[in-house]
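# Provide a 3D model corresponding to the input given below.
(2 chains)
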Amino acid sequence: GAGVSQSPRYKVAKRGQDVALRCDPISGHVSLFWYQQALGQGPEFLTYFQNEAQLDKSGLPSDRFFAERPEGSVSTLKIQRTQQEDSAVYLCASSFGNSPLHFGNGTRLTVT
Amino acid sequence: EDQVTQSPEALRLQEGESSSLNCSYTVSGLRGLFWYRQDPGKGPEFLFTLYSAGEEKEKERLKATLTKKESFLHITAPKPEDSATYLCAVQVVGGATNKLIFGTGTLLAVQP
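The predicted structure follows:
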């Protein structure tokens, strides 16, 4: 596709449920990033992949958050035992070399 | 600690009324400063990258400038379609880290 694609666009989960968010980066983009954006705030870094290697996961808020990119293209962000504070927009971005990050439109997660 | 502060938080302009948005930063070793535009329900859209003090970049009614401590996004004769949230970010690279640190954004409303 022409841009970064994220699915689902919206997800409602009951507290305690597990969720999985998918990101399809731009074809050929080596680097992939996940960010979390709370309402009225700027995006906050969660984790960074180069190909299939997760090089930095320092931004993941807790061990309930897990990300993978097994074949170096599609990535999944998984959140276990969701809590209300996990409600946010989760943005995926990809880039190639030193090019700027291209963001998807995000998944809005609401935990009730 | 690496930090980005944007001001004002919100700005309302009349169509044609020029103004500037401010982004001040503290970062250990600036690799790049980025401006993004974000529309409601969308991911951030890349506008500019600036790398060194004194650098300027222009695109249509927007012009970005950079000093050693801050960046300005100048909007000349804005139109209603320029209404959006404008995000500033600094790139932090080191070891395994490669991430953008964002400010909280300036919400711009341009009234006809």
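
# quick one: what helix or strand has residue 21 in it?
You didn't pick a chain, so chain A it is. strand A:19-24 (DSSP states H and E).

# should've been chain B
strand B:19-26.

# Mind giving me the packing neighbours of that strand?
strand B:3-7, strand B:10-14, strand B:33-38, strand B:70-75, strand B:84-94 (3 or more CB pairs under 8 Å, 6 or more residues apart in numbering or on different chains; DSSP states H and E). Glycine gets a C-beta too; all of them are placed from N, C-alpha and C.

# strands paired with that strand, and their directions?
strand B:3-7 (antiparallel), strand B:70-75 (antiparallel) (DSSP bridges).

# For the closest residue to A:E44 other than its chain neighbours, give its distance to chain B.
With sequence-adjacent residues excluded and distances taken as CB to CB, 6 or more residues apart in numbering or on different chains, A:E44 is closest to A:Q36, at 5.1 Å. Remark: distance between A:Q36 and chain B (CB to the nearest CB, to the nearest Å) = 11 Å.

# In chain A, which residue is most central in space?
A:W34 (3.7 Å; CA atoms, centre = their mean).

# how about the strand holding A:L21: buried residues?
A:V19, A:L21, A:C23, A:D24 (16 or more other CB atoms under 10 Å in any protein chain shown).

# got it, and stretch B:97-112?
In stretch B:97-112, counting by 16+ other CB under 10 Å, buried: B:N98, B:K99, B:L100, B:I101, B:F102, B:G103, B:T104, B:G105, B:T106, B:L107, B:L108, B:V110.

# Can you give me the distance of the residue in chain B sticking out farthest from the centre to A:Y48?
Computed with CA atoms, centre = their mean, the residue of chain B farthest from its C-alpha average is B:G95, at 26.3 Å. Distance, B:G95 to A:Y48, using CB to CB, to the nearest Å: 11 Å.

# how about the residues of chain B that lie near chain A?
For chain B, the residues in contact with chain A (CB under 8 Å from any CB of the partner chain) are B:4, B:34, B:36, B:41-46, B:49, B:87, B:89, B:96-105.

# what does chain A put close to chain B?
Checking chain A against chain B by CB under 8 Å from any CB, the hits are A:4, A:31, A:33, A:40-45, A:48, A:55-56, A:58-59, A:91, A:93, A:100-106.
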